[in-house]
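> Dropping a prediction and its sequence here:
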Amino acid sequence: MSVIDISPIKSILSEFTHPTLAKNLLELNAIKKCSWEENELIIKLVMPFPWQTAFDVLQQETTDKILKQTHAKAIRWSINYDIATLKRANEQQAIKNVKNIIAISSGKGGVGKSSTAVNLALALQQEGAKVGLLDADIYGPSIPTMLGTVDQHPLTPDNQHMTPIMAYGLATNSIGYLVEQGNAMVWRGPMASKALLQMLNDTLWPELDYLVIDMPPGTGDIQLTLAQSIPVTASVIVTTPQDIALIDAQKGIAMFNKVNIPTLGIIENMSYHICENCGHHETIFGENGAQELAQQYHTSLLGQIPLHRSLRQDLDQGQPTVIKQPDSEFANLYRQVADRIASALYFQGKVILPDISIRTI
Ligand SMILES: Nc1ncnc2c1ncn2[C@@H]1O[C@H](COP(=O)(O)OP(=O)(O)OP(=O)(O)O)[C@@H](O)[C@H]1O
């Protein structure tokens, strides 16, 4: 076959725009292969952040254009990921095998932080990343229930380290796997923080692009100690639109600012209620609160998740909506938020070499 000029293909690919792309695919150096094999065009991308949904859109939007331009019979598309390790807050040392840590926090309890953390972790995974989830919500470890793993216990092969519990492809650990329900509630602050840091350091995490940490709610001493001791890349705040939750979310952002941890943005949970009968959207907890808070603190509103019975039911049954109803509008929303988080982390952060040293506490 004669040599074909691939520059028009690259130019079509570089013209592709998407909310996750602050730079185009050419500038990102994401087009790793663009060549011919027996009348078929091979296009291979390697992305530094999870990008599956956008990759589907790219194919839909550009396949016909490229075929027309090249007269190829078909395109064989593929995508791989080489997820970037980003600079950690306060130059902290990394956890072995963990590239990036995202702390999910809320100023106030009960706003849906754990529900959001679980669905987001699974959404990041569906978008192409290797993900772990650490339930640091010591006073209400709900992750095992939400993942249907309540009866499981991590093994300790050497009496010091723990093997994580695998659930739907996520590597997880939770205080809920280790102590009887209710026992951790009586721990004093330092004991609780120590236990969590131990879980973080002593779990035999497989290679992870992101470890999502479901932080304990509130902005007290435990949260401050944890925020300072965990090598996080950035934090994400979950709130409801209610004034009382927003005031506490504000305290959360202020706490992270104080210890130099970037707040990537705010997720508004229970933003509006969707009526199961007529589909009507009702803003029962108020409107625009999280948007205004984000503006005030120069951060972004990463997404708005509705209040819906099926979201709660799926979690109660141990099958988060992203798994139970992957094609639902809710799962799409979680994937959209996950994509925003991953691309914002990449474009706002500084890429560093992975650090494989082990921390001791
Ligand atoms: N968007 C939603 N729609 C319906 N139910 C929800 C939604 N978000 C959370 N819930 C339900 O609200 C309850 C509290 O949620 P969750 O445990 O995630 O809150 P939390 O902020 O982590 O709480 P805590 O502060 O106790 O850790 C759960 O029963 C959960 O299923």
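That came through, no problem. Residues are numbered from 1 along each chain as shown.

> Would you mind naming what in the stretch 101-250 of the chain lies close to the ligand?
106, 109, 110, 111, 112, 113, 114, 115, 137, 140, 142, 217 (C-beta under 6 Å from any ligand atom). Placement of C-beta: from N, CA and C, glycine included.

> Least confident of those?
Least confident of those in the model: residue 140, at 79.

> can you count the residues close to it?
19 (other C-beta atoms under 10 Å).

> and which of the residues of the stretch 101-250 of the chain next to the ligand is nearest to residue 9?
residue 115 (42.6 Å; C-beta to C-beta).

> which residues touch the closest one?
The contact partners of residue 115, taken as C-beta atoms under 8 Å, 6 or more residues apart in numbering, are 146, 269, 311, 312, 315, 320.

> can we see that at 6 Å?
By C-beta atoms under 6 Å, 6 or more residues apart in numbering, the contact list for residue 115 reads residue 315.

> again, but for residue 101
Counting by C-beta under 6 Å, 6+ apart, residue 101 has contacts 211, 232, 233.

> Can you say which helix or strand has it in it?
strand 98-105 (DSSP states H and E).

> about what we covered before: can I get the contacts of residue 101 in CSV with secondary structure, distance to residue 243 and neighbour count?
Formatted as CSV, the contacts of residue 101 follow (DSSP: H, G, I helix; E, B strand; the rest coil; distance: C-beta to C-beta, whole Å; neighbours: other C-beta atoms under 10 Å):
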residue, secondary structure, distance to residue 243, neighbour count
211, strand, 32, 29
232, coil, 28, 25
233, coil, 30, 25
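
> got JSON lines for these, with distance to residue 353 and pLDDT too?
As requested, those are arranged in JSON lines below (distance: C-beta to C-beta, whole Å; pLDDT from 0 to 100):
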{"residue": "211", "distance to residue 353": "18", "pLDDT": "98"}
{"residue": "232", "distance to residue 353": "18", "pLDDT": "94"}
{"residue": "233", "distance to residue 353": "14", "pLDDT": "95"}
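
> about what we covered before: quick one: strands adjacent to the strand holding residue 101?
Strand pairing for strand 98-105, determined by DSSP bridges: strand 208-214 (parallel), strand 234-239 (parallel).

> ok now that strand, how far from the chain's centre?
8 Å (C-alpha atoms, centre = their mean, to the nearest Å).

> Which residues are in contact with residue 143?
So residue 143 contacts 135, 174 (C-beta under 6 Å, 6+ apart).

> Could you rerun that using 8 Å?
114, 117, 118, 133, 135, 137, 172, 174, 176, 214.

> I'd like to know how far it sits from residue 108.
In this view, residue 143 and residue 108 are 19 Å apart by C-beta to C-beta, to the nearest Å.

> what does residue 317 give?
26 Å.

> same deal with residue 121?
Distance from residue 121 to residue 108, by C-beta to C-beta: 21 Å.

> on that earlier part again, could you say which of the strands paired with strand 98-105 is packed most deeply?
strand 234-239 (a mean of 28; mean count of other C-beta atoms under 10 Å).

> Give me the distance from the lengthiest strand in the chain to the chain's centre.
Ranked by residue count and defined by DSSP state E, the top strand of the chain is strand 263-274. Chain-centre distance of strand 263-274: 14 Å, with C-alpha atoms, centre = their mean.

> Tell me if the next helix or strand after that strand is near the ligand.
Moving toward the C-terminus from strand 263-274, the next helix or strand (DSSP H and E) is strand 281-282. No: against the ligand, strand 281-282 shows no contacts by C-beta under 6 Å from any ligand atom, the least distance being 13.1 Å.

> Quick one: distance of the next helix-or-strand element following strand 281-282 to the chain centre.
Remark: after strand 281-282, the chain's next helix or strand is helix 289-296, criterion DSSP H and E. Computed by C-alpha atoms, centre = their mean, the separation of helix 289-296 from the middle of its chain amounts to 21 Å.

> CA-only coordinates of the longest strand of the chain in CSV, if you can.
C-alpha atoms of strand 263-274 as CSV (Å, rounded to 0.1, in the frame of the first residue of the first chain):
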residue,chain,number,x,y,z
THR,A,263,-10.1,21.7,47.3
LEU,A,264,-10.9,20.5,43.8
GLY,A,265,-14.5,21.3,44.0
ILE,A,266,-17.9,20.7,45.5
ILE,A,267,-20.5,18.0,44.8
GLU,A,268,-24.0,18.9,45.6
ASN,A,269,-25.9,15.8,46.7
MET,A,270,-29.7,15.6,47.0
SER,A,271,-29.7,18.7,44.8
TYR,A,272,-33.3,18.1,43.7
HIS,A,273,-35.9,15.4,44.2
ILE,A,274,-37.1,13.5,41.1
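
> What are the buried residues along it?
263, 264, 265, 266, 267, 268, 269, 270, 271, 272, 273, 274 (16 or more other C-beta atoms under 10 Å).
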